[in-house]
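1. how would this look folded up:
(chains A, B and C)
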Amino acid sequence: MNIIRYIIQKEFRQIFRNKAMLPIIFIMPMIQLIILSNAATFEVKNIKFGYIDNDKTSFSRELVEKFNASTYFNVLSDYPTAKKAKSAMLNGEVDVVLEIPQHFSRDLIKEKKSDLSVTINAIDGAAAGVENVYVNQIVQQFNSKIRVGLMLLGTPEVQPQLIETIPLFWYNETLNYKTFMVPGILVLLVTMITLFLSGMNVVREKEIGTLEQINVTPIKKHQFIIGKLFPFLILGLVLLTVGLIIAKLIFDIPMVGSILLMYGYTIIYILVILGIGLFISNYTDTQQQAMFIAWFFMVIFILMSGLFTPIESMPEWAQILTEFNPIKYFVQVMRMVMLKGAGISDIYPQVLKTLLYAVAMNGLAVMSYKKFS
Amino acid sequence: MNKENAITVKDLTKTFGAFTAVNNISFEVGKGEVFGFLGANGAGKTTAMKMLIGILKPTSGIATVANFDVISHAEDVKKSIGYMSQRFSLYNDLTIKENITFFGGIYGLKKADIKVKTKELIEELGLHDEANKLVGALPLGWKQKVAFSVSLLHNPQIIFLDEPTGGVDPITRRQFWEMIYREAHRGKTIFVTTHYMDEAEYCDRVSIMVEGKIEALDTPKNLKTLYKVDTMNQVFLKLARNIE
Amino acid sequence: MKRFIGFIQKEFYHILRDRRSLFILFGMPIAQVLLFGFAITNEINNVDIAILDHSKDATTKEIIAKIAASKYFSIKQVIDNEAAIEPAFKKGHIKAVLNFENDFSKKLISENKATIQILTDATDPNTANTISNYTASILKNYQGDLNKGATLSYQIVPKTRLAYNPELKSVFMFVPGVMTVILMLVSAMMTSISITREKELGTMEILLVSPLKPFQVIIGKVVPYILLAVINAIIIVLLSLFVFKMPVEGSFFLLGAESLLFIINALSLGILISTIATSQQTAMMVSLMGLMLPVILLSGFIFPISSMPLPLQLLSNIIPAKWFIIIIKGIMLKGVGIEYLWKETLILIGMTLFFIALSIKKYKIRLE
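-> From the prediction side, this is the model:
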């Protein structure tokens, strides 16, 4: 036990002595948390909208006015020709173009039907889908309004049957993205710091030669690994704490559930990450290799965590792969406990899987540390 | 096997793929002896030493250090030996005191003992002013002396030194060998590799390794007589030429 | 010059000799592109939902059948009272509950109106919002079927054309992003590490006292990584062409030239990092921690920049990745040429020159 204490003491000394690293470990993540949490939103707004009005009647102007009044479409450009509009779209100046055909209002009155053509830049397919919905909504509203006006002249209609839908958004009534993203990005930052630091740790000692000196001491493998784990565990918990304070004070994120449960789970989780980090570190020969591998897994963990893109939409095989993604569990647990107030009975599958993962990774870390080669 | 031997090596071999780094070597080192393990760069000295200190598995052969088998009882071997590597291996970003505390700690020394040892060691090396300085800021010679002292913290019976004087100035080398002698007088066995042939003269016995094999093993005096030359350097050159 | 070439050769041998690093350098980016290309999508499919049907009549059954038939939803659970909703959300098994009111069919006929509640777990606002939109549109269609008899007059029908990506494939969005992330990180991280490594091991001093000029030393270290990154870029483009069937509407030559520009940009950023960092550890943490999330989040890779708050939109301008993503999407999907991309290209060139100038300045200060 004593021996472990000395390793821990030494690791802490080294962490705090490296003055260049301290701001990277403690300040940079927090700045990123504050800034980047604002960036991560799938809301589609400020849509760059342009129109070509070939009709130039009070009807067409009223339709354009509807778009102007909407909060979704904020940049309004008037293009004289379709060619100009196309070029603007290629340029990236505009993402949605509405073309009002000639005789738009004449057709509407005479033929009781009229077409509009809408072009949407669909490279971001999800955004394009939403933009399409917005365009349709506005056109629909406009349509209802003028129909009432025109109907006075025409024949009365049969009253249609209506199914009314009432959307209710639980846990986050205003659909505030930060409620969702702040805990998630905090998870990412804690994970990155602990994975990178632990991943570099042992291989660094290999490179500078101190590991050999430790290998000729009678230290036991598990003592070595535990001594290395502990300082980073504390570091991760400190980061989490500062992050949670920021989440509360700056973003006013609700914390419904038990803080104790969250910390309990975080400890197991960080052990998984550190196990992976130390395993990578033991397995590689240079810090460069270690960091590249750590980077590889980190990118996969981040993008397949369900934080930015939904896991349910992935193909079956990819969903199975995400079972091995620790970040997925942490994101789930953070949301469940913090935002929904879930208790241990709700999150026990995640706890159990994380625990198993922690045992496996740390077992591997101990095994891959070779005092004797 | 002689109980009085500190190190016994029999038919020790290490191969890396097709390359044989250490080829069937055998020798014994007595207790309290200063044993010089000589050879050119790449002759296999460091590989042989790594097998003796229990961090590299031999391909075949037997070796016992402090009466423990280096394969089956590697961890017991480690309790009885001190080791200072060719590459400088203290932490540059810790102070001298902190390095002593750390290495003392992982050898399982008690807190009070570490305190006493630290005081002794700093006094012995005359490093009062530097004790709280980072090791990285010290000149190489001093670093080596501190590293040597750190390898003695747990009072090992056998000390392995891998090219301890590489790259340091002649005066420091001299001082270093005085430290080695002092430990030998305290009854410790010293196993030292070097490629400075003048240092071989300081050893009780030397072995000369050429391309993985031990080509000569005796006291410096006997070797010089045997090869009819005046210095160890000439012994070495003669041996190397014979091989070619 | 001969000396210089010899030096570059040495650097190459360094990289090539290390099989494991080589495998990592080429294998991992390929694995990532394949994985992300196939797996990641920001569409919402197969969302697990629950049904709470208080009526259980012919109409609700029909609606439920419609919902079940859509690719967006899969009905995971049928619950029979409101109290069961909360626990189901807490366990996280379902994302939404459709709550049909009492006497649904009856009300629909007698009052011409019936109500469905769409309860969503909005801890993930994007999914919640999308679910509620999709459900609403399925119900709209159903309603349209119900009212077939009563045709509406004075209809305006918008005809939408989805340009550049008519099938709304997510891969069109993600491959350019993944390529950018990989090139940025590989180039910036690898160069900054390899230069600081020489510093740490003390071999940099040896190189600097050699007759090679300092900039030759740096270029010598960087050239092999340029080549590695170029090979990676080629592999990624080939994968997107043949595996993901992405078009390259524009010119291959321009695509290559712009990629090279971006690689050099990232490398010069790596050099800049290495002039600041004294140890490999610092270099790595700066390039990984400093670049990874900003490149993923502020480049338009996943999240649309135009939806961000204004300060962040401004901030995104200093992320080179943002400009490169615009360029690749432009060339590959929109098929535009330099006449549309000169602004982005100039910005990348400007940034590159800025990084190089700053590195030279920092470097001189240190030597003096």
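2. how deep is the nearest residue to residue B:169 once chain neighbours are set aside tucked in, by neighbour count?
-> Nearest non-adjacent residue to residue B:169, counting by CB to CB, 6 or more residues apart in numbering or on different chains: residue B:141, 6.3 Å away. Where you see a C-beta, it was placed from the backbone N, CA and C, and this is true even at glycine. Residue B:141 sits with 17 neighbouring residues when counted by other CB atoms under 10 Å in any protein chain shown.
3. average model confidence for the helix or strand hosting residue B:141?
-> Residue B:141 belongs to helix B:140-151 when elements are defined using DSSP states H and E. When pLDDT is averaged over helix B:140-151, the result is 88.
4. For the helix or strand where residue B:100 lies, output the C-alpha coordinates as PDB.
-> Following DSSP H and E, one finds residue B:100 within helix B:96-106. Output of helix B:96-106 as PDB, limited to C-alpha atoms (Å, rounded to 0.1, in the frame of the first residue of the first chain):
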ATOM      1  CA  ILE B  96      17.200  15.200  -5.900                       C
ATOM      2  CA  LYS B  97      15.200  14.800  -2.600                       C
ATOM      3  CA  GLU B  98      12.000  13.900  -4.400                       C
ATOM      4  CA  ASN B  99      13.900  11.300  -6.500                       C
ATOM      5  CA  ILE B 100      15.400   9.800  -3.400                       C
ATOM      6  CA  THR B 101      11.900   9.700  -1.700                       C
ATOM      7  CA  PHE B 102      10.300   8.100  -4.700                       C
ATOM      8  CA  PHE B 103      12.900   5.300  -5.300                       C
ATOM      9  CA  GLY B 104      13.200   4.700  -1.500                       C
ATOM     10  CA  GLY B 105       9.400   4.500  -1.400                       C
ATOM     11  CA  ILE B 106       9.000   1.900  -4.100                       C
END
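5. and that helix, how far from the chain's centre?
-> 20 Å (CA atoms, centre = their mean, to the nearest Å).
6. What ranges in the stretch 151-300 of chain A fall below the confidence cut-off?
-> A:151-160 (pLDDT under 70).
7. Next up, identify which helix or strand the residue nearest the centre of chain B is on.
-> Centroid-nearest residue in chain B, with CA atoms, centre = their mean: residue B:161, separated by 1.9 Å. Element membership of residue B:161 [criterion: DSSP H and E] is strand B:158-162.
8. since we're on residue C:248, how many residues are nearby?
-> For residue C:248, the neighbour count with other CB under 10 Å is 16.
9. list the buried ones in the helix holding residue B:100?
-> Within helix B:96-106, the residues that count as buried by 16 or more other CB atoms under 10 Å in any protein chain shown are B:96, B:97, B:98, B:99, B:100, B:101, B:102, B:103, B:104, B:105, B:106.
10. Tell me where the stretch 51-200 of chain C has strands.
-> Shown for the stretch 51-200 of chain C, the strands assigned by DSSP state E, counting those that start in this stretch span residues C:73-79, C:96-100, C:113-121, C:155-163.
11. The third one pairs with which strands, and in what direction?
-> Translated: strand C:113-121. With DSSP bridges as the test, strand C:113-121 is paired with strand A:162-170 (parallel), strand C:96-100 (antiparallel).
12. How far does stretch A:352-359 sit from its chain's centre?
-> Chain-centre distance of stretch A:352-359: 24 Å, with CA atoms, centre = their mean.
13. Just confirm yes or no for it near chain C.
-> No. Stretch A:352-359 is not in contact with chain C by CB under 8 Å from any CB of the partner chain; minimum separation 13.2 Å.
14. what's the helix or strand for residue A:128?
-> With DSSP H and E as the criterion, residue A:128 is inside helix A:125-151.
15. re earlier: which of the strands of the stretch 51-200 of chain C has the highest mean neighbour count?
-> strand C:96-100 (a mean of 23; mean count of other CB atoms under 10 Å in any protein chain shown).
16. average pLDDT for it?
-> Average pLDDT, strand C:96-100: 90.
17. For my notes, confirm residue A:290 occurs in a helix.
-> Yes. Residue A:290 forms part of a helix when assessed by DSSP: H, G, I helix; E, B strand; the rest coil.
18. Look up how far residue A:190 lies from it.
-> Going from residue A:290 to residue A:190 by CB to CB, to the nearest Å gives 19 Å.
19. Next one: residue B:173 from residue C:94, what distance?
-> With distances taken as CB to CB, residue B:173 is found 76 Å from residue C:94.
20. for the stretch 101-250 of chain A, what spans make up the helices?
-> Along the stretch 101-250 of chain A, counting by DSSP state H, counting those that start in this stretch, helices occupy A:104-110, A:125-151, A:177-208, A:210-215, A:221-249.
21. what's the closest of the ones you listed to residue C:265?
-> Proximity to residue C:265 (CB to CB) singles out helix A:177-208 among those, at 23.3 Å.
22. Is that closest one positioned near chain C?
-> Yes. For helix A:177-208 and chain C, the contact criterion (CB under 8 Å from any CB) is met by A:177, A:179, A:180, A:185, A:188, A:189, A:192, A:193, A:196, A:197, A:200, A:204.
23. distance of the nearest residue to the second one once chain neighbours are set aside from residue A:233?
-> What it means is residue A:179. Beyond its immediate neighbours in the sequence, the residue positioned closest to residue A:179 (CB to CB, 6+ apart) is residue A:172, lying 4.8 Å away. Per CB to CB, residue A:172 is found 31 Å from residue A:233.
24. For the two, indicate the residue with more neighbours.
-> When neighbours are counted by other CB under 10 Å, residue A:172 and residue A:233 differ, and residue A:172 comes out ahead with 23 against 19.
25. Before I go, just wanted to say thanks for your time.
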